[in-house]
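Colleague: Next comes the sequence, and after it the predicted model I'd like to discuss.
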Amino acid sequence: MTRGSQLRGKTAFVGAATFGCGEAPGYTPIEIAAEAARLAIADAGLKTSDIDGLFICLPADFLSGLTIAEYLGIRPRMTNNSRTGGSAFLTHAEWAMLALDAGLIDYALICYGANQRTGAGKLVSAQAPSPFELPYRPNNPVASYALAASRHMYEFGTTSEQLASVAVAARQWANLNPEAFRQGPLSIEDVLATRLVADPLHVADCCLVTDGGAAVVMTRADRAKDLRQTPVALLGAASATWHSEIAQLADLTVSAAQESGRRAFAQAGLGPSDIDVVNLYDAFTINTIMFLEDLGFCGKGEGGPFVASGAIAPGGSLPVNTNGGGLSFCHPGMYGLFTLVESIRQLRGQAGERQVNGAKLALAHGNGGTLSSQATCILGLPETV
Amino acid sequence: MTQPAPTSTYFQHISEGRFLIQHSPSTGEWVFYPRMIAPRSGANDLEWAEPSGLGTVYATTVKRMKPPEPNVSIAIVELDEGPRMMTHVQSIPAEQVFIGMRVRARIVDGPDDGKILVFEPDSAE
């Protein structure tokens, strides 16, 4: 039997919400997370007191699991504060799936909140700098991703224009999402005209720095069908870690998404061609290209031409980051959870103007550190279980 | 045998103007960054040894600075012995560093008090 395949469809997402995306002046991170949690619990038709499993990871609060339990006034059976960077929330879904299926908990809440735009004023990194990188003062995280981009260009001939087309597609989706922070026309020329930060990446190749929170609620499939929303089944969840600092990644053009994706697909008994919508962590334009390759949506090295063809933009063959992604929707430091929320909204048919018609299967993918931790979740409507 | 503190030993050598990395006689493997045990093999017979100092640029970026401050090279160099490290490639403009460029290690004064290991194009090539 495929490892983990017995977990296919045993749990489901029954609540999802965002709060304060863009700017939420005055709110603290835990306040933003708590409000997203309230909205997600209400979305599910549950009460705060129903939640008995807590999953959270905040950039600057290393014991945020304790903070959120106290804040919500609950005594959870399980508190998980595991940190793998921006991928953490997809690994939380993986752990919640296990705990729910084992009957250790009944309702899991995964939440996040940050005020990096109006509070910190800059991206807050939760990754401890390596003493072996520190003497060189790399402008991380962008420098690490720029190094990966340089190698991708060298090996496959990927171009700055192809990278820019990722930002353009994200903006086109953002223009259909009223919640997106950054809207308006954006061309490849516009992207290339922005300031270089770390070659080959320009300002517009980099994610936003915003405020924002998100939350999802999970339960077992048997309980899920009696709740308010159409349950969105978790069909596969897998994560992989290959390194921490970028110089330690064996091949800078291949991330551990190759492994997390392969295992998540195997669990789900599905392949890339089955997926209707993809939401992945686009911290930088190179991420989208690499992850689409690593997850099997195109061949290794073909990501540049694939994104430049318009395939991932509205009207393309593979809708990617339909909320506008970290590049144009919102990016409050650790974006992973937003890939789950958008996937759930698309499968429920609640995505408004940006709705992918008939979407039955979605892939959400999170990235943490400097391409270091990768986590993939495959979600489906009840009919796909 | 337990290693002498690897991180501080490495930087102590650098401060003395010496570039040494770890080598495991049992596996033949060179290790960077310095560790208590070799990655993958778990070998703990790590000894400090002098690499050739030669390497090849594996990946490169330019940290763009506000003028008049010069841009800074941030690169990953693959040592001829195998390990890779983040570094600067100096003595040429950062924009001229390219993947595949042969480079040689050099210890220079860092931006703070201490010395740092950098690379420069290998003129012998």
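Modeller: Arrived safely, thanks for sending.

Colleague: got the contact list for the residue nearest to residue B:23 when sequence neighbours are not counted?
Modeller: Nearest non-adjacent residue to residue B:23, counting by Cβ to Cβ, 6 or more residues apart in numbering or on different chains: residue B:49, 4.2 Å away. Where C-beta positions appear, they are placed from N, C-alpha and C, glycine not excepted. Contacts here follow Cβ atoms under 8 Å, 6 or more residues apart in numbering or on different chains; on that basis residue B:49 touches B:20, B:21, B:22, B:23, B:30.

Colleague: For those, which single residue is the most surrounded?
Modeller: Within the contacts of residue B:49, most neighbours by other Cβ atoms under 10 Å in any protein chain shown means residue B:22, with 24 neighbours.

Colleague: Counting neighbours, what do you get for residue A:114?
Modeller: For residue A:114, the number of neighbouring residues by other Cβ under 10 Å comes to 31.

Colleague: Report the central residue of the chain.
Modeller: Chain wasn't specified; assuming chain A. In chain A, the residue lying closest to the centroid (Cα atoms, centre = their mean) is residue A:336, at 2.8 Å.

Colleague: wrong one, chain B
Modeller: residue B:85 (4.9 Å).

Colleague: Run through the residues that contact that residue.
Modeller: Each residue near residue B:85 by Cβ under 8 Å, 6+ apart is listed here: A:132, A:247, B:32, B:33, B:76, B:77, B:79, B:117.

Colleague: On the three-state scheme, residue A:108 is what?
Modeller: strand (DSSP: H, G, I helix; E, B strand; the rest coil).

Colleague: on that earlier part again, please verify my assumption that the residue nearest to the centre of chain A contacts residue A:94.
Modeller: No. Residue A:336 is beyond contact range of residue A:94, at 11.8 Å (criterion: Cβ atoms under 8 Å).

Colleague: what do the two both touch?
Modeller: residue A:375.

Colleague: And for residue 47, the neighbour number?
Modeller: Just going to use chain A. 10.

Colleague: Chain B, not that one
Modeller: For residue B:47, the count of nearby residues is 10 (other Cβ under 10 Å).

Colleague: Next SSE downstream of the helix or strand residue A:144 falls within?
Modeller: Following DSSP states H and E, one finds residue A:144 within helix A:142-156. Later in the chain than helix A:142-156, the nearest helix or strand by DSSP H and E is helix A:160-174.

Colleague: buried sites along the helix or strand in which residue A:291 is found?
Modeller: Residue A:291 belongs to helix A:285-294 when assigned by DSSP H and E. Within helix A:285-294, the residues that count as buried by 16 or more other Cβ atoms under 10 Å in any protein chain shown are A:285, A:286, A:287, A:288, A:289, A:290, A:291, A:292, A:293, A:294.

Colleague: just checking, residue A:114 touches residue A:29?
Modeller: Yes. If you go by Cβ under 8 Å, residue A:114 and residue A:29 touch, sitting 4.9 Å apart.

Colleague: between those two, what contacts are shared?
Modeller: Here residue A:114 and residue A:29 have A:58, A:59, A:213 as joint contacts, going by Cβ under 8 Å, 6+ apart.

Colleague: Good, wrapping up.
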